[in-house]
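[1] I would like to see how this sequence folds:
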Amino acid sequence: MIKQLAHICIHTNNLEKTLAFYRDALGLEIGFEFEKQGQPFGFYIKLGNNTFIEVFLGDPGELGNIQHVAIQVTDMDALIRRIHKHGYEVSPKTLGADNSWQAWVTDPSGIKIEFHQYTDHSFQLVGGKCQVTW
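    The predicted model follows:
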């Protein structure tokens, strides 16, 4: 069921500087961008093999912190059943703005884990601009 690390999510107060670091200094490529109300809100940086760094504008108290770890899965429904079977709470499966299925769990140390199952229309696979409303 578990395939690989999907992404880590970080927050920044300056998208341009953060993009310049990952794209220019490290030589990485943008996978796709997020917009909120017509304005840049974040982006995915490709790390290879459908693994990414996800960057969003964040509140000052969130800057520099890893917001969550995302793990790509091949069978979301089976994984949710397995997690429940072991006595842990997991969110229902929902389709995210990026057209990927997702579910959430918190590990015993309080780390948020997002499970991702890509669809044929997932921005992680097709690129483009992902419009968000949250």
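[2] if we look at the longest helix along the chain, which residues are touching it?
    The single longest helix within the chain, with elements called by DSSP state H, is helix 76-85. The list of residues contacting helix 76-85 from outside it, by CB atoms under 8 Å, 6 or more residues apart in numbering, reads 1-2, 73, 90, 92-93, 101, 103, 105, 115, 117. For every residue, glycine as well, the C-beta is placed using N, CA and C.
[3] which residues in this structure form helices?
    Counting by DSSP H, the helices of the chain are 15-19, 76-85, 123-126.
[4] hang on, the earlier thing: could I get the contacts of helix 76-85 as TSV with distance to residue 59?
    Output for the contacts of helix 76-85, formatted as TSV (distance: CB to CB, whole Å):
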residue	distance to residue 59
1	34
2	31
73	29
90	26
92	26
93	28
101	27
103	25
105	23
115	25
117	29
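[5] out of the residues you listed, what pair is the most spread apart?
    2 and 92 (19.2 Å; CB to CB).
[6] in TSV, list the helices of the chain along with mean neighbour count.
    Compiled in TSV, the helices of the chain are given as follows (neighbours: other CB atoms under 10 Å):
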stretch	mean neighbour count
helix 15-19	15
helix 76-85	14
helix 123-126	18
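[7] and residue 134, how far is that from residue 11?
    14 Å (CB to CB, to the nearest Å).
[8] between the two, which is the more surrounded one?
    residue 11 (20 against 6; other CB atoms under 10 Å).
[9] nearest spatial neighbour of the more buried one, chain-adjacent residues omitted?
    In this structure, residue 11 finds its nearest non-sequential neighbour in residue 58, 2.4 Å apart by CB to CB, 6 or more residues apart in numbering.
[10] any weak-confidence spans in the protein?
    63, 108-109 (pLDDT under 70).
[11] okay, residue 2 and residue 92: which has more neighbours?
    More neighbours surround residue 2 than the other of residue 2 and residue 92, with 11 against 8 (other CB under 10 Å).
[12] test my guess that residue 54 contacts residue 70.
    Yes. At 7.4 Å, residue 54 counts as touching residue 70 under the criterion of CB atoms under 8 Å.
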